[in-house]
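Trainee: I need the structure of the sequence given here:
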Amino acid sequence: MIRNFRGALGLILAIAVFSAIGFARSAQTQEPAASSTSAQAASPGVPPAQQPTKEQLAKLFDVMRIREQMQSMRQIVPSMVQQQIKSAMQQTEANLPAGTRLTPDQRDAMQKVMSKYVGKAMDLYPPDEMLADMTTIYQQHLSKDDVDGLITFYSSPAGQHLLDAQPVIAKEYMPMVMSKVAQRSQVMTKEMMKEMGEIVPAARPAAKAGTTKPPTQ
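Mentor: From the prediction side, this is the model:
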């Protein structure tokens, strides 16, 4: 039982981390191609005099609706995790000794515990900390002119349309990703356990007392 729920909690933490990484990645890939040349040229490190200020980046993150996207992600992920919790509880019951079943009270209690840790997992990387980290990275790789160009783009109708579409895209894409990852990880885990079993064969049962043959002379 504990093993199943430990695995479910691990999945919750993985989803939280995946969401943070995926969100940060999407924020980078949303940059229009027009600014990519100067950004790539600056990738080794933008000279301090050319680095954007924190105020510039705060304005960029504002027009990019970064906080709104974070909030949208926080609403999408828990609903996906609920299905994983349900699956973990079903697996737990399947592994109980024959004739044993969880009571309704036990199911409710487990549901509450798992839901509590979903919330905790989503707070592992707070939005303010993420934005502070993004600011530091953006300053190293984007110049003041890059940021001004990005602000202009995201303030345009095309940029706003892209931002309008992002929550819908994420809502459709995230379940697809998690479904494929869950299915393929199960297959991979079985293959790994099979290979591990070949390295360390199962121990043979110990001989019963009184059945050991005396050594030959």
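
Trainee: and residue 45, what is it in contact with?
Mentor: Residues near residue 45 by CB atoms under 8 Å, 6 or more residues apart in numbering: 140-141. Backbone N, C-alpha and C define where each C-beta goes, glycine included.

Trainee: what about 7 Å?
Mentor: Residue 45 makes contact with residue 140 under the criterion CB atoms under 7 Å, 6 or more residues apart in numbering.

Trainee: so how far is residue 131 from it?
Mentor: Residue 45 sits 21 Å away from residue 131, going by CB to CB, to the nearest Å.

Trainee: Buried ones in stretch 95-110, by neighbour count?
Mentor: Across stretch 95-110, burial judged by 16 or more other CB atoms under 10 Å covers residue 110.

Trainee: How far does that stretch stretch from one end to the other?
Mentor: End-to-end distance for stretch 95-110, by CA to CA, to the nearest Å: 16 Å.

Trainee: which helices and strands does the helix or strand containing residue 118 pack with?
Mentor: In this structure, residue 118 is located in helix 104-122 according to DSSP states H and E. If you count contacts as 3 or more CB pairs under 7 Å, 6 or more residues apart in numbering; DSSP states H and E, helix 104-122 packs onto helix 2-29, helix 66-94.

Trainee: Who are the packing partners of the helix or strand following it?
Mentor: Sequence-wise, the next helix or strand downstream of helix 104-122 (DSSP H and E) is helix 127-141. Helix 127-141 is packed against helix 54-63, helix 66-94, with contacts defined by 3+ CB pairs under 7 Å, 6+ apart.

Trainee: worst average pLDDT in the ones you listed?
Mentor: Mean pLDDT is lowest for helix 66-94 among these, at a mean of 71.

Trainee: three-state assignment of residue 100?
Mentor: Assigned by DSSP: H, G, I helix; E, B strand; the rest coil, the conformation of residue 100 is coil.

Trainee: My error: substitute residue 45 in the last question.
Mentor: Going by three-state DSSP: residue 45 is coil.

Trainee: Hmm, residue 147 and residue 56 touching each other?
Mentor: Yes. The criterion here is CB atoms under 7 Å, and residue 56 meets it with residue 147 at 4.9 Å.

Trainee: where's residue 167 relative to residue 131, distance?
Mentor: Residue 167 is 18 Å from residue 131, by CB to CB.

Trainee: now do residue 98
Mentor: 53 Å.

Trainee: Repeat that for residue 148.
Mentor: 19 Å.

Trainee: next one: residue 63
Mentor: Distance of residue 63 to residue 131, computed by CB to CB: 14 Å.

Trainee: Look up phi and psi at residue 46.
Mentor: When quoted as degrees, to the nearest 10, the phi and psi of residue 46 stand at phi -80, psi 130.

Trainee: Can you tell me the closest non-neighbouring residue to it?
Mentor: residue 143 (5.3 Å; CB to CB, 6 or more residues apart in numbering).

Trainee: quick one, phi/psi of that neighbour?
Mentor: phi -90, psi 170.
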